[in-house]
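Engineer: give me coordinates for this.
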Amino acid sequence: MVDSDVKPKRRHEGSEWRELAANGSFQRYWFGATMGALGFAMLGLPLELYALDSTGSAQSAAAIVSCIAVSQLVCAPLAGWLADLFPRKQVLLACEIGRACVCFVVVVIVAGSGPLWSLYLCCVVFGIVQSAGAPARAVMLRDLVSERTLFNALRQDEVRLNIARIGAPPLGGALYALGAGWVFVACLVGFITSALAISSIRVAEHRRLPRCEAAGGEESIWGMARNASGVLLGVACIAASSASAGTLVVVTLRAAGGGSAQVGSVLACEAVGGIVGALVLRKAIVSRLGVCVGVSLAAVLVCCVLFGVVQSWWAAAVLLIVSGLASAITGIALDSALFSKVGAAVRGRAISSTFVLIGLGGVSGRLAMGTSLDHFATPVAVALVAGGIGTIGVLSLLLGVLVRSEVA
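Structural biologist: Numbers count the residues shown, from 1 in each chain. Predicted structure coming up:
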C-alpha cells in the first residue's frame, strides 16, 4: 500500500522536472539569472573589504553594502508597478544593462583610486537598478512555467541562486587578492552575459488587465498585509539575522588575520545551506510557514551566539550554513504562497512589498551588527543584536498566532 502511494507521487514529480528541462525559455532565463546572480554575489565581499581596508571601520564596511539595500528599499514600491504595467522582459533587460554600466563605472573608480564617497554613490545607483529588476525577474519566472511546475521551478531557481553564491565569494576574494579592479571586471562580464541571455527569451506578450480585474488582486495585497503581518515580519527578522551574521563573520575573521580568499570561502557555506534548503523543501512545509519561520529564526540566532563565543572557522561555517538553509526554505515557501494567493495583475507589487520588508530587515541587521562590533567586544555585540532580533521575532510570531494568516 505504501509503495503504491509513493511511486505515483515520484513519477508525477519526475514529469514536472522533465517539463521544466524541456522549457527552453525557462532554461535561458535560468542561465541568464545565474550569470547575473554570480556578478551580484561577487560584488558584496569586495566592496566590504575595500571599505574595511581603506578605513579600518566595520561600520563603513557594513554601510557601503547597505547603500545598495537602502536604495532598493526606497525604490521597491515603484519597481512593483513597473513589473505590473510594462513588459517584464524589457524591464529586466534594461536593468541588466544598467547594472553593467554601473559596474563599469566602479571599475574606473577603483582603477583610478577614486574617493570612497564615489563608490557609495555607485552603490546607491546600483541598488536602484537592482530594485527595478527584482520584481520583474520574480514574476517573469511565473510567466514562463505552468502552475503545476511552479513549486519545482522556484526550488530550481533557489538552487541557481545559491550555486552562483557558492562560487562567487571565493572567486571574488581570490580576484580581490590580485587587485580590487579584477573582481569588478568579472562582475561586469556576468551582467553582460545575463543581458544577452534574457534578450533571447520568448515570453507571452504582456497584457494589462482591466481595472475591474486588477481590483481583486489589489484587495489580495491588502489582505496579505493585514492577515499575514506576523509571518512577514518574522521573515524580515530572518533576513536581519542572516545579514548580521554575514557582517559578523567578515569582520571577525578579517580581524583574526583571515585572507580575502579564505573569508570568501567561508561565506560560500551560506550558499551550501541554501541549496540544501531548496532540495529538502516539500509542498507540505508551505502550509506551515509560521512554524517554519519560527524554527529557522531560532536556529540562526543560536548559531550566531555560538560563533560570538567560539569565534572559530568551523563555527562560522555552521552559522552560515544554517543561515542559508533558513533563508532558502522561508523564501521559497513565501513566494509559492504569494503566487497562489495574489492576483496576476498585481504580483509585481506583492513581491516588491515583501522585498521591502526583507531588505529593511537586512539593512537593520547589518548596520546593527557593524555598529555594535565597533563599540563592544564581539560576544557582547552578538548578544545585543541577537537579543533584539529575537525579541522582535517572538512578538511577530505571536502576532501571527493572534491573526489568522492568508499566506501561511
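Engineer: in the stretch 251-400 of the chain, what spans have low per-residue confidence?
Structural biologist: Low-confidence segments of the stretch 251-400 of the chain, defined by pLDDT under 70: 260-261, 284-287, 289, 340-346, 399-400.
Engineer: run the last query once more with 80
Structural biologist: Per-residue confidence of the stretch 251-400 of the chain (counting by pLDDT under 80) places the weak regions at 254, 258-265, 267-268, 281-292, 333-357, 359-360, 363, 396-400.
Engineer: tell me what the helix or strand where V189 lies is packed against?
Structural biologist: Per DSSP states H and E: V189 is located in helix 180-199. Helix 180-199 sits against helix 24-55, helix 88-111, helix 150-178, with contacts defined as 3 or more C-beta pairs under 8 Å, 6 or more residues apart in numbering; DSSP states H and E. Placement of C-beta: from N, CA and C, glycine included.
Engineer: next one: it to chain centre, how far?
Structural biologist: Centroid displacement of helix 180-199 relative to its chain, using C-alpha atoms, centre = their mean, to the nearest Å, is 19 Å.
Engineer: in CSV, list the C-alpha atoms belonging to that helix.
Structural biologist: What follows is helix 180-199, C-alpha atoms only, in CSV (Å, rounded to 0.1, in the frame of the first residue of the first chain):
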residue,chain,number,x,y,z
ALA,A,180,40.3,45.0,-6.5
GLY,A,181,39.6,46.0,-10.1
TRP,A,182,39.7,42.5,-11.4
VAL,A,183,36.7,41.3,-9.4
PHE,A,184,34.6,44.2,-10.6
VAL,A,185,35.6,43.3,-14.2
ALA,A,186,34.3,39.8,-13.6
CYS,A,187,31.0,41.2,-12.2
LEU,A,188,30.7,43.3,-15.4
VAL,A,189,31.1,40.2,-17.6
GLY,A,190,28.4,38.4,-15.6
PHE,A,191,25.9,41.3,-16.1
ILE,A,192,26.6,41.5,-19.8
THR,A,193,26.1,37.7,-20.2
SER,A,194,22.8,37.9,-18.3
ALA,A,195,21.5,40.7,-20.6
LEU,A,196,22.3,38.6,-23.7
ALA,A,197,20.6,35.5,-22.3
ILE,A,198,17.5,37.5,-21.3
SER,A,199,17.2,39.1,-24.8
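Engineer: can you tell me the SS state at E147?
Structural biologist: With DSSP: H, G, I helix; E, B strand; the rest coil as the basis, E147 sits in coil.
Engineer: quick one: closest of the helices and strands packed on helix 180-199 to A278.
Structural biologist: helix 150-178 (3.9 Å; C-beta to C-beta).
Engineer: for that closest one, name the packing helices and strands.
Structural biologist: When contacts are defined as 3+ C-beta pairs under 8 Å, 6+ apart, helix 150-178 packs onto helix 2-22, helix 24-55, helix 116-144, helix 180-199, helix 260-280, helix 313-341.
Engineer: mind checking which of those helices is nearest A69?
Structural biologist: Comparing the helices and strands packed on helix 150-178 against A69 with C-beta to C-beta, the closest turns out to be helix 116-144 (6.6 Å).
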